[in-house]
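>>> model this:
(2 chains)
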2 protein chains.
Amino acid sequence: MNKSIVLLSGGLDSAVTAAIAVKKSDAAFLHVNYGQRTEARELKAFNAIADHLFIKRRLCADITYLSQIGGSALTDHSIEVPEGPSPEGVIPATYVPFRNAHLLAIAVSWAEVLGAKEIYIGAVEEDATGYPDCRRSFFDSFETTVALGTKAATAHDKSIRIITPIINRRKSEIVKKGFELNAPLHLTWSCYSDNDLACGKCDSCLLRIKAFKEAGREDPIPYATLNRI
Amino acid sequence: MNKSIVLLSGGLDSAVTAAIAVKKSDAAFLHVNYGQRTEARELKAFNAIADHLFIKRRLCADITYLSQIGGSALTDHSIEVPEGPSPEGVIPATYVPFRNAHLLAIAVSWAEVLGAKEIYIGAVEEDATGYPDCRRSFFDSFETTVALGTKAATAHDKSIRIITPIINRRKSEIVKKGFELNAPLHLTWSCYSDNDLACGKCDSCLLRIKAFKEAGREDPIPYATLNRI
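You can find the predicted model right below:
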């Protein structure tokens, strides 16, 4: 089986992506702490999911300099996490400047050392919240950049691919896929605001609740509020 | 004056690049600690150069996860720093997998928050040591990726440019340019091996010594060995 690196935040999308990746590859799991509000809870979810899927090779990388840089409600605590969905065409306050480039760069460096040729990332373009670094056009361009900037470029070796298995799925389809693959959805964490009990009010909680509803499935995690939309 | 971000390791190339950047832009200086052997000395050089050029906006970002990943003589202390020049066409043991992508990603995130549209990096393609992420083709591709993955992509705003002012210069020309611009070459640090006195034997020291000799200039820093090539 080919080696792969799976970016796993601990959320719904990355957990389903991880379940897809472990079926197709010899996966190593990568978690990144960028100083987000809910990092402690996300890290717990990461390790629980990795345990559940029997993944031994794990790396937790710290890029909390993104908090020093700020500019996002997720990393700068003086900016509030907005409640409710964002207006279309507007990049929300939760956008962390160029975040996915950092996550991918770490995955690529690790992939070069491990000899992995595939990186899985659970980005979602449809249903997404307007993040420019979640679009396939961005990943295609990053893949080209990787081909030019790594050892493979001069060794005429196979370059590293960035695989986005759920990028064109609707959130409700991702939920269905998760159930189909027996992904440990009960171990995931999606809330942007809280660490103890999912708030049920932030953009991320709202999207998740809506997705389970549309999929006709019960969300296995509890919420602080039952204010379902 | 336009705002810019300057990547400054504290070495000769980045110091000359910084001297070019401060003439043309309102510069903020970025230093990255990736767990390299000589980081303590490099950080001292960074701050000394920033003081000398009266730069107040500074950021030191820590990406020491690159040491966890390893795979390079600069970050993994079990791999020796090779002495003497590397054979042509071979990527040397000092290559840090995909390092420049990490440095640029940090610069881009900071640039988005500061509103800077230019990033200066002192990469050198000619005379270089075979690093794939030091070639202009890599930077061109990264620039395209930035245009697709940042706010500018959706806001139809001007995107961020990656400026490599010395990429096609020979090392001796960089020395001459440094003298021409009054760059603080006496404050720079190039050695890959030591923190106290430059070893004069590693690839980086050898290239520097040769460059000053070819430029017909005295290198203002002392060396542990006088074994000039």
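
>>> hey, let's count contacts and neighbours off CA atoms from now on
Will do.

>>> which helix is the longest one in chain A?
Longest helix in chain A, counting residues (DSSP state H): helix A:99-114.

>>> then A:Q36 would be within a helix, right?
No. Read with DSSP: H, G, I helix; E, B strand; the rest coil, A:Q36 is coil and lies in no helix.

>>> does it really touch A:L74, like I thought?
Yes. Judged on C-alpha atoms under 8 Å, A:Q36 makes contact with A:L74 at a distance of 5.1 Å.

>>> which one of those two is surrounded by more residues?
Higher neighbour count among A:Q36 and A:L74: A:L74, with 25 against 22, using other C-alpha atoms under 10 Å in any protein chain shown.

>>> for that one, give me the pLDDT.
With respect to pLDDT, A:L74 scores 80.

>>> again with the one 10 residues further on
Confidence at A:G84, expressed as pLDDT, is 68.

>>> so what does the longest helix of chain A touch, helix or strand wise?
In terms of contacts (3 or more C-alpha pairs under 8 Å, 6 or more residues apart in numbering or on different chains; DSSP states H and E), helix A:99-114 is packed against strand A:3-7, strand A:118-120, helix B:65-69, helix B:99-114.

>>> can you list the strands that the first one pairs with?
Think strand A:3-7. Using DSSP bridges, strand A:3-7 pairs in its sheet with strand A:26-33 (parallel), strand A:118-120 (parallel).

>>> could you check the angle helix A:99-114 makes with it?
150 degrees (axes from the mean of the first three to the mean of the last three C-alpha atoms, to 10 degrees).

>>> the following helix or strand past strand A:3-7 - what's its average pLDDT?
Later in the chain than strand A:3-7, the nearest helix or strand by DSSP states H and E is helix A:12-24. Averaging pLDDT along helix A:12-24 gives 98.

>>> mind telling me which of the helices and strands packed on helix A:99-114 the model trusts least?
When those are compared by mean pLDDT, helix B:65-69 comes last with a mean of 91.

>>> centre of the chain to it, how far?
19 Å (C-alpha atoms, centre = their mean, to the nearest Å).

>>> what's that helix in contact with?
Applying C-alpha atoms under 8 Å, 6 or more residues apart in numbering or on different chains, the contact partners of helix B:65-69 are A:61-62, A:106, A:109-110, A:113, B:34-36, B:75-76.

>>> one more time with 7 Å
With contacts defined as C-alpha atoms under 7 Å, 6 or more residues apart in numbering or on different chains, helix B:65-69 is touched by A:61-62, A:110, B:34-35, B:75-76.

>>> need the residues that contact the longest helix of chain A.
In contact with helix A:99-114 (C-alpha under 7 Å, 6+ apart) are residues A:5, A:32, A:117, A:119, A:133, B:69, B:71, B:97-98, B:101-102, B:105.
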